[in-house]
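In: Structure, please.
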Amino acid sequence: MPTAIEFNNISKQYRLGLVSTKTLSHDLNRFWKMNVLGKEDPYLKIGEVNDRAHKGESDYVWALKDINFKVEQGDVLGIIGKNGAGKSTLLKILSKVTAPTTGTIRAAGRIASLLEVGTGFHPEMTGRENIYMNGAIMGMTKAEITRKLDEIVDFSGVERYIDTPAKRYSSGMTVRLGFAIAAHLEPEILVVDEVLAVGDAEFQKKAIGKMQDVSKGEGRTVLFVSHNMAAVEALCTKGLVLENGTSIFLGSVRESIDHYILDDTKKCKKTIERMEIFIQELSVSNIRVNGSENNTLHINSKNNKINIQIIGRLEHSIQMDLEMFLFDLRGTLLGVFSPSHKTGHVPFHKAGIFNLNYEFELPENMSKGEFYFDIELNQPNVRNLMVIRKNFFIHSFGFISDTGFEFDYATRGLLIL
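Out: Residues are numbered from 1 along each chain as shown. As a prediction, this is how the structure comes out:
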């Protein structure tokens with residue numbers, strides 16, 4: 001496939017607190033060198049990485065640093081990362097809202113951008129007038145825009161207010177019309193930055209479906225920024241992970257999401273705390289969740305099972321049962337899971353090394369949000385042998401099905417805190 005967009009050594013530096021060189025002569029010299037001669041900023045200084053969480057020593061920060069990648073025609077690229085990673089800056093450079101400090105971008109075709117609520121709208125103009133203005137900016141004739149007008153208005157769902165000035169639109173109405181314009185005026189490249197989160201569930205479903213049609217059916221290129229990993233997974237074919245202004249991973253969307261989520265949870269991972277063993281005859285050497293030694297995993301809609309494995313040693317033979325208690329963050333008990341609940345009897349473990357292995361499915365009534373579970377080893381109706389409290393957390397995300405946009409329990413990440 002031909003290349004639609006090529007980023008070559010893109011970097012963007014900002015100076016905190018100031019926007020000039022402090023002198024008129026230096027400002028004019030910078031304008032001459034950069035805008036007339038096409039050279040680098042003569043006053044460019046070495047800056048720090050854009051880590052928003054820590055105070056730096058320099059007034060200069062790199063919002064982006066040495067970004068190099070290509071996007072092929074028809075690809076849907078999901079750009080993911082934490083707030084401040086450089087996602088919006090990258091799209092603003094592509095959309096020519098701001099210029100890169102170093103590097104060049106080559107893009108084949110017209111670009112339609114939806115970077116924030118109200119992008120490209122004149123507040124005093126009506127919705128209809130803004131449609132024609134946006135189309136003219138993209139190089140379309142009045143006849144071409146008129147041919148698409150009814151389709152745009154119908155998709156946006158704001159027909160009643162189409163002749164009302166845009167300044168009287170709500171943020172949701174503005175996003176609806178803005179996305180409808182960007183998606184229907186036949187751009188070769190569609191750029192969408194998180195604004196769909198403003199719309200309601202109905203519109204999000206329509207917007208996701210339209211972007212799928214634009215990319216798969218019409219072969220156009222889409223760049224999509226979102227913090228909703230389920231939306232990224234359902235829509236995108238490739239993923240780019242940014243961290244502190246640098247590109248740390250580029251690959252398939254599944255690999256990119258795993259890299260973003262799993263790498264981040266590994267950084268947050270601590271050893272298991274609050275594990276209590278109540279008898280000297282019991283020792284625990286290893287606890288694994290879904291076979292992961294570091295107890296970090298990502299569960300998607302095709303795999304909603306959790307496997308718990310506990311390896312240890314008993315000095316004396318004993319009846320021992322494993323139980324898992326699932327809670328929401330308010331502490332409400334959602335379910336209890338145990339092998340004995342299925343089999344009807346509690347296994348008898350001989351002295352020596354034991355290996356408890358239990359797999360269960362998470363309940364389908366779990367909504368979007370966060371949950372945790374406790375693990376217990378018990379001698380039924382006698383005493384607790386071991387408990388682990390509030391160490392295992394389940395993060396439940398929205399899931400986009402093949403038929404549309406839905407919120408479900410189905411995509412989760414599990415980590416130890």
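
In: Check which residues of stretch 314-332 are buried.
Out: By 16 or more other Cβ atoms under 10 Å, the buried positions in stretch 314-332 come out as 314, 318, 320-328. For glycine as for every other residue, the C-beta is placed from the backbone atoms N, C-alpha and C.

In: want to throw those into TSV with pLDDT, distance to Lys142 and secondary structure?
Out: Putting the buried residues of stretch 314-332 into TSV (pLDDT from 0 to 100; distance: Cβ to Cβ, whole Å; DSSP: H, G, I helix; E, B strand; the rest coil) gives the following:
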residue	pLDDT	distance to Lys142	secondary structure
Leu314	92	83	strand
Ile318	91	84	strand
Met320	91	79	coil
Asp321	90	75	strand
Leu322	89	71	strand
Glu323	89	70	strand
Met324	86	65	strand
Phe325	87	66	strand
Leu326	82	60	strand
Phe327	82	60	strand
Asp328	76	56	strand
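
In: Which of those residues sits closest to Val71?
Out: Nearest to Val71 among the buried residues of stretch 314-332: Asp328, at 40.4 Å, using Cβ to Cβ.

In: State the number of residues packed around the closest residue in space to that closest one that isn't next to it in sequence.
Out: In space, and not counting its chain neighbours, Asp328 is closest to Phe371: 5.5 Å by Cβ to Cβ, 6 or more residues apart in numbering. By other Cβ atoms under 10 Å, 21 other residues sit near Phe371.

In: do you know how far Glu159 is from Asp193?
Out: 26 Å (Cβ to Cβ, to the nearest Å).

In: and if you look at Ala166?
Out: Ala166 is 19 Å from Asp193, by Cβ to Cβ.

In: now the spatially closest residue to Ile5 that is not a sequence neighbour: how far from Phe155?
Out: Ranked by Cβ to Cβ, 6+ apart and with sequence neighbours excluded, the top spatial neighbour of Ile5 is Val71, at 4.2 Å. Using Cβ to Cβ, we find Val71 at a distance of 25 Å from Phe155.

In: which residues touch Leu5?
Out: You called it Leu, but residue 5 is Ile. Residues in contact with Ile5 (Cβ atoms under 8 Å, 6 or more residues apart in numbering) are 70-71, 94, 105-108, 189, 221, 223.

In: Do you have the helices of the stretch 201-350 of the chain handy? List them.
Out: 201-212, 229-235, 253-268, 339-343 (DSSP state H, counting those that start in this stretch).

In: Per-residue confidence at the residue of the chain most remote from its centre, what does it come out as?
Out: Distance from the C-alpha centroid of the chain peaks at His316, with 49.8 Å (Cα atoms, centre = their mean). Listed pLDDT for His316 reads 90.

In: Next: Asp66.
Out: So Asp66 comes in at 91 (pLDDT).

In: OK, contacts around it?
Out: Per Cβ under 8 Å, 6+ apart, neighbours of Asp66: 9-11, 246-247.

In: Count the neighbours of Asn228 for me.
Out: There are 20 residues near Asn228, going by other Cβ under 10 Å.

In: how close does it sit to Cys236?
Out: 11 Å.

In: Kindly reformat the buried residues of stretch 314-332 as TSV and extend each row with distance to Gly120.
Out: TSV is the format used below for the buried residues of stretch 314-332 (distance: Cβ to Cβ, whole Å):
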residue	distance to Gly120
Leu314	69
Ile318	71
Met320	66
Asp321	63
Leu322	58
Glu323	57
Met324	52
Phe325	52
Leu326	47
Phe327	47
Asp328	42
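
In: Gln309 reaches Asn355, doesn't it?
Out: Yes: counting by Cβ atoms under 8 Å, Gln309 does reach Asn355; the two are 7.1 Å apart.
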